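J.: One predicted model, sequence on top.
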Amino acid sequence: MKPVWIFDLDNTLHDAQAKIFPIVNDKMNQYISSTLKISIEEASKVRTQYWDEYGATLQGLIKNYNIDPIDFLDKTHTITNFKDLVIPMPKLKETLTLADGKRIIYTNAPNNYTNHVLKICGIEEYFDEIFTIEDSNFKPKPSKDSMELFIKKYNIKEAYFVDDVKENLKTAKQFGLSTVWLTSNEGNPVYIDKKISKLRDLFSY
């Protein structure tokens, strides 16, 4: 039986940090500032605090202010010049081809955004399933609730999970998945099975 490969999206399949994340972060700051009637500086602090605490700013806003998640995602992830901003990871298609088996996207990003990124990267056909924040009832990684919904939906018993956020992998390991941490950070937590600095190194030993 061929293995199951689970891939995060942002900063795993494409470099979101370079161009897209600054734009999304600015949009989030503006949304939070307008909704909570606070300054942009205060909004930025709220955004980062909730990301650290909940794994996604959205979850903190839902829990603390009961905001409409669909409205938030639409206003913060609708970007007009996507093609100029998406930077696919080097040797992306070659690496995905080597990941022979069922391939699934598991991301905290919304559906429309995810589909745009995959299309621009030219890799839509490489994935059998896409699991976005809407599919998790807006419960983000690294929460166990999100992981449990994901595991049950695809009846996953064993899989390799590639993500740039180690907290997401810590939860994955608790569910019996093999973990691959894509990072240039120091350290090697016990719940990490393989550590790589570039996606193209996924199959290097």
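T.: Right, received. Where do you want to start? In this text the structure is predicted, and so the values were computed from the model without any measurement. Numbers count the residues shown, from 1 in each chain.
J.: Please tell me I have it right and Lys83 contacts Gly122.
T.: No. With contact defined as C-beta atoms under 8 Å, Lys83 does not count as touching Gly122 (11.6 Å). All C-beta atoms are positioned from the backbone trio N, CA, C, and that covers glycine.
J.: Identify the residues contacting the residue nearest to the spatial centre of the chain.
T.: For the chain, Thr107 is the residue whose C-alpha lies nearest the centre (C-alpha atoms, centre = their mean; 3.6 Å). By C-beta atoms under 8 Å, 6 or more residues apart in numbering, the contact list for Thr107 reads Asp8, Leu9, Asp10, Thr114, Ile130, Phe131, Thr132, Ile133.
J.: for the residue lying closest to it once chain neighbours are set aside, phi and psi?
T.: Among residues not flanking Thr107 along the chain, Leu9 sits closest, at 3.9 Å (C-beta to C-beta, 6 or more residues apart in numbering). When read as degrees, to the nearest 10, the backbone of Leu9 gives phi -100, psi -70.
J.: In terms of pLDDT, where does Leu9 sit?
T.: Per-residue pLDDT puts Leu9 at 98.
J.: Next: Ala56.
T.: 88.
J.: Could you count how many residues lie near Glu94?
T.: By the criterion of other C-beta atoms under 10 Å, Glu94 has 10 neighbours.
J.: tell me which element it is part of?
T.: helix 92-98 (DSSP states H and E).
J.: gap between that helix and the chain center?
T.: 19 Å (C-alpha atoms, centre = their mean, to the nearest Å).
J.: average pLDDT across it?
T.: On average, helix 92-98 scores 97.
J.: and the helix or strand that that helix is followed by, what's its mean pLDDT?
T.: Counting by DSSP H and E, the next helix or strand C-terminal to helix 92-98 is strand 102-106. Per-region confidence: strand 102-106 scores 98 on mean pLDDT.
J.: Which other helices and strands does strand 102-106 contact?
T.: strand 4-7, strand 129-131 (3 or more C-beta pairs under 8 Å, 6 or more residues apart in numbering; DSSP states H and E).
J.: the domain parsing of the protein - what is it?
T.: 4-15+86-201, 20-82 (automatic domain parsing).
J.: Check which residues of stretch 35-48 are buried.
T.: Neighbour counts over stretch 35-48 (16 or more other C-beta atoms under 10 Å) mark Thr35, Ala43, Ser44, Val46, Arg47 as buried.
J.: Which members of these are positioned in strands?
T.: Counting by DSSP state E, no part of the buried residues of stretch 35-48 is found in strands.
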